[in-house]
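# how would this look folded up:
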Amino acid sequence: MERKISILYVDDEENNLISFRATFRLKYKVYTALSGREAIQLIKERPINVIITDQRMPQMTGVEFLEEVIKVNPDPMRILLTGYADMSAVVDAVNKGKIFHYLSKPWSEEELDDTIQRAYEIYAERERIKESFSKLEVTNEQLEFLLRQKLLS
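Numbers count the residues shown, from 1 in each chain. Here you go, the predicted model:
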């Protein structure tokens, strides 16, 4: 059985969270949060593959939230979703929040699903690369040990 992609959707409008969960709950493992602070706590507690956040939220914008996410766990892919064509927010999201993609509200189910799939493919590939790198580091350490033993004998 294949593991479901875990998604965290952050939006201060509860109806949007309900709609997202209803749309994607069968396909993905969906977590939702009404604020950036609540979402940060979830990220600390659960493995998250993809984060989708609204830009315009009280207390912490989507970009500010994504900046905090990078400090806590830089691994999840990040998507900014907003109903406002605020280009400075999009530029900040790319530069500061290191987003994978930007989507406009209201979101299209198909477009959002495709974006999630592409984001996860990149996430999974990065994880495979990190695992391969870790194995290479172990092999390198073993070879260095064997070389030292040869040199000492």
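# hey, let's count contacts and neighbours off CA atoms from now on
OK.
# poorly predicted segments of the chain, please.
Scanning the chain for pLDDT under 70 picks out 1-2, 84-89, 91-93, 95, 97.
# so which residues of the protein form helices?
Along the chain, the stretches classed as helices by DSSP state H are 14-24, 36-45, 62-72, 87-95, 109-152.
# and for residue 98, the neighbour number?
19 (other CA atoms under 10 Å).
# contacts for stretch 29-49?
4-14, 17, 21, 24, 57-58, 60-62, 65, 68-69, 72-73, 75-77, 120, 123 (CA atoms under 8 Å, 6 or more residues apart in numbering).
# actually, stretch 66-81.
Taking CA under 8 Å, 6+ apart as the rule, stretch 66-81 contacts 40, 43-44, 48-55, 62-63, 90, 93, 96-105, 107, 119-120, 123.
# still on that earlier bit, among the helices of the chain, which is the most enclosed?
helix 62-72 (a mean of 19; mean count of other CA atoms under 10 Å).
# between helix 36-45 and it, find me the angle.
In terms of direction (axes from the mean of the first three to the mean of the last three CA atoms, to 10 degrees), helix 62-72 departs from helix 36-45 by 30 degrees.
# so how far is helix 62-72 from its chain's centroid?
For helix 62-72, the separation from the chain centroid amounts to 10 Å (computed by CA atoms, centre = their mean, to the nearest Å).
# restrict that helix to CA atoms and write it as PDB.
C-alpha atoms of helix 62-72 as PDB (Å, rounded to 0.1, in the frame of the first residue of the first chain):
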ATOM      1  CA  GLY A  62       1.700  33.500   4.300                       C
ATOM      2  CA  VAL A  63       5.200  34.700   3.400                       C
ATOM      3  CA  GLU A  64       6.100  35.300   7.000                       C
ATOM      4  CA  PHE A  65       4.700  31.900   7.900                       C
ATOM      5  CA  LEU A  66       6.800  30.300   5.100                       C
ATOM      6  CA  GLU A  67       9.900  32.100   6.400                       C
ATOM      7  CA  GLU A  68       9.300  30.500   9.800                       C
ATOM      8  CA  VAL A  69       8.700  27.100   8.300                       C
ATOM      9  CA  ILE A  70      12.200  27.200   6.700                       C
ATOM     10  CA  LYS A  71      13.700  27.700  10.200                       C
ATOM     11  CA  VAL A  72      11.700  24.800  11.700                       C
END
